[in-house]
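J.: the following comprises the amino acid sequence and a computationally predicted model.
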Amino acid sequence: MVLSRIWSAFIIIAILVAGIKYISSDHYKSIFNDMVVGKNGDTIRIAAKNITELPANIQNELAKKPNFSNGNINYKINSSTQKTEIYRIQKTDGIIATSDVAVTICLKLIGIICLFMGFMSIAEKAGGINLLSRFIQPFFTNLFPEIPKNHPAFGHMLMNFSANLLGLDNAATPFGLKAMESLQTLNPNKETASNSQIMFLCLHAGGMTLIPVSIIALRASAKSLNPTDIFLPCMIATFAATTAAMIIVSIYQKINLFRPIILMYVGGISGIIALLVVYLVGLNKAELDSFSSALSNGLILFIFLAIILGAIYKKINIFDAFIDGAKEGFSTSVRIIPYLVGMLIAISLLRTSGVFEVVIDGMKSLANMVAVDTRFVDGLPTALIRPLSGSGARGMMMDAMNTFGADSFQGKLAAVMQGSSDTTFYVIAVYFGAVAVKNTRYTIVAMLLADLVGIITAIALAYFLF
């Protein structure tokens, strides 16, 4: 019900904001067209005017240089006609193109999900998932009291968290979907999220990652002098968001986090991560890339090898087990298409209507009114869009680095914010859609609160370190 109301609110707010822009400004007379059939990168021609017809401040800027941008509106003097062309560039797809993108995303997922769920099927039949379940069970039985002992869901969740930690997004998704399906078998009300599903999804969305490889690569492409200097704050921010998710959900579910076994496991995991951080901080970009690649990809191959050897030992039909899992992965990929289409078109409407710009401009005005350092506001677009769109947030991060510089405070903050949270609404649409859960209860609230903790931590670390 909560998700339904939020989804409806997204659409209503987007259309209302677009209507106000259409009525109040000549620059947005094609905004409805943009929202429906527009495409990312389209040039929307607004007008061609003599320079004398423009406001004095625009004339002054054009006197300095022939191209000038004022927010989303661009002005360019045409040397052949001597008129000033007024236009804007669409920054995201309309709902028609977005629907195609949503289906394309799912189609690209099919192969990956079939691959990993195929190996997961072998591991289950060979007893590997039960082995992992017994290893993590003392800790997880306290966080997930509704799950019976030795249930394979423990192993599936551990695989998902491990893949997330190592930045293996392609592996994390199929492992997570398999975990949700395992948890759904224990769910007494199939259309309502169970406590275990909510705890799992919130911990997953905390997005704890050891090495933010993609962000480091983007900073390097933006010519940062030290692209790896956001590694430690990203690690701390994602740890804070994940811890906040665990605490928030535990409060909802009345779970006592001060039990010795929980403190022991959390302390042990934190210690191992701390040792890795100490080692990784001393590496340069090339060494960090090499270590990350070797650890991540090497671990995948090691897991595959261990699964095959275990299956040979157990004398199961390995290829048939793989095919059974791959078939299940195919069905799951197709099943999530409607949920992803629905969520992405609502996000598209928010972006093309300019809702985010209104919110960001309002926050800048508020920061100026209370006379605080407003530099952090220029990094907020990344944080605000991140829960809705990973690619959109990545674009905002690159825009901040291009505008202020990759090594500027704003550029570094945007990079840390990109790595401090997950795409909350995408995760909800895909994971709950895969098991046909309609009532998400307090999942969205808990996940957004965890995102907020990650954002606040990122801002605090940026002011402290940068």
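T.: That came through, no problem.

J.: please tell me how far the residue nearest to Gly127 when sequence neighbours are not counted sits from Glu328.
T.: Once flanking residues are discounted, Gly127 sits nearest to Lys314: 6.3 Å by CB to CB, 6 or more residues apart in numbering. (Glycine included, C-beta is placed from N, CA and C.) Lys314 sits 20 Å away from Glu328, taking CB to CB, to the nearest Å as the criterion.

J.: rewinding a little: mind listing what the residue nearest to Gly127 touches?
T.: 125-127 (CB atoms under 8 Å, 6 or more residues apart in numbering).

J.: now the buried members of the residues you listed.
T.: Burial by neighbour count, judged by 16 or more other CB atoms under 10 Å, picks out 125-126 from these.

J.: which of the contacts of Lys314 fall in helices?
T.: If you go by DSSP state H, the contacts of Lys314 have 125-126 in helices.

J.: just put the contacts of Lys314 in a markdown table and tack on distance to Thr141.
T.: Output for the contacts of Lys314, formatted as a markdown table (distance: CB to CB, whole Å):
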| residue | distance to Thr141 |
| --- | --- |
| Lys125 | 24 |
| Ala126 | 23 |
| Gly127 | 19 |
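
J.: Ile58 belongs to a strand?
T.: No. Counting by DSSP: H, G, I helix; E, B strand; the rest coil, Ile58 falls outside a strand, being helix.

J.: and the pLDDT at it?
T.: Here, the pLDDT recorded for Ile58 equals 79.

J.: if I look at it, how far off is Gly271?
T.: 59 Å.

J.: out of the contacts of Lys314, which is nearest to Ala163?
T.: Ala126 (19.4 Å; CB to CB).

J.: OK, contacts around that closest one?
T.: 307, 310-311, 313-314, 316, 321.

J.: among these, which are in helices?
T.: Judged by DSSP H, the contacts of Ala126 include 307, 310-311, 313-314, 321 as members of helices.

J.: can you list these in a markdown table and add pLDDT and distance to Ser4?
T.: Converted to a markdown table, the ones in helices among the contacts of Ala126 look like this (pLDDT from 0 to 100; distance: CB to CB, whole Å):
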| residue | pLDDT | distance to Ser4 |
| --- | --- | --- |
| Ile307 | 88 | 40 |
| Gly310 | 90 | 43 |
| Ala311 | 91 | 43 |
| Tyr313 | 89 | 48 |
| Lys314 | 87 | 45 |
| Ala321 | 91 | 39 |
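
J.: which two from those end up farthest apart in space?
T.: Tyr313 and Ala321 (13.7 Å).

J.: neighbour count for the two, which is higher?
T.: Ala321 (21 against 10; other CB atoms under 10 Å).

J.: which of the contacts of Ala126 lies closest to Ile236?
T.: Among those, and counting by CB to CB, the member closest to Ile236 is Ile307, at 33.7 Å.

J.: I'd assumed Phe119 was in contact with that closest one.
T.: Yes. Assessed by CB atoms under 8 Å, Ile307 is found in contact with Phe119 at 5.5 Å.

J.: going by residue numbers, what spans are strands in this protein?
T.: Using DSSP state E, the strands of the chain run over 43-49, 67-70, 73-77, 84-89.

J.: now the second one: buried residues?
T.: Buried residues in strand 67-70, defined by neighbour count with 16+ other CB under 10 Å: Phe68.

J.: could you give the mean pLDDT of that strand?
T.: Here the average pLDDT along strand 67-70 is 80.

J.: on that earlier part again, any chance of the contacts of Lys314 in CSV, plus pLDDT?
T.: Compiled in CSV, those are given as follows (pLDDT from 0 to 100):
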residue, pLDDT
Lys125, 86
Ala126, 85
Gly127, 82
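
J.: show me the contacts for the closest residue in space to Asn50 that isn't next to it in sequence.
T.: Leaving aside its sequence neighbours, Asn50 sits nearest to Lys83 (CB to CB, 6+ apart; 6.1 Å). When contacts are counted by CB under 8 Å, 6+ apart, Lys83 touches 48-51, 77.

J.: most neighbours out of those residues, which is it?
T.: Ile77 (16 neighbours).

J.: my guess is it meets Pro66, correct?
T.: Yes. Judged on CB under 8 Å, Ile77 makes contact with Pro66 at a distance of 4.3 Å.

J.: now the common contact residues for these two.
T.: Joint contacts of Ile77 and Pro66 (CB under 8 Å, 6+ apart) do not exist.

J.: distance check, the residue nearest to Asn50 against Pro66.
T.: The gap separating Lys83 from Pro66 is 12 Å, by CB to CB.

J.: overlap of the contact sets of those two?
T.: Contacts common to Lys83 and Pro66, judged by CB under 8 Å, 6+ apart, are Ile77.

J.: what ranges of the stretch 1-150 of the chain fall below the confidence cut-off?
T.: 1-2 (pLDDT under 70).

J.: show me what counts as buried in stretch 20-29.
T.: So, applying 16+ other CB under 10 Å, buried residues of stretch 20-29: 21-22, 27-28.

J.: stretch 220-230 too?
T.: Quick answer for stretch 220-230 (16+ other CB under 10 Å): 220, 222, 224, 227-230.

J.: next one: stretch 302-309
T.: Result for stretch 302-309 [16+ other CB under 10 Å]: buried residues 303, 307-308.

J.: enumerate every residue touching Gly271.
T.: No residues are in contact with Gly271 under the rule CB under 8 Å, 6+ apart.

J.: what ranges do the helices span in the stretch 1-150 of the chain?
T.: 2-24, 31-37, 56-64, 95-126, 128-143 (DSSP state H, counting those that start in this stretch).

J.: can you redo those as a markdown table with distance to Leu186?
T.: Converted to a markdown table, those look like this (distance: least, CB to CB, whole Å):
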| stretch | distance to Leu186 |
| --- | --- |
| helix 2-24 | 22 |
| helix 31-37 | 42 |
| helix 56-64 | 63 |
| helix 95-126 | 16 |
| helix 128-143 | 13 |
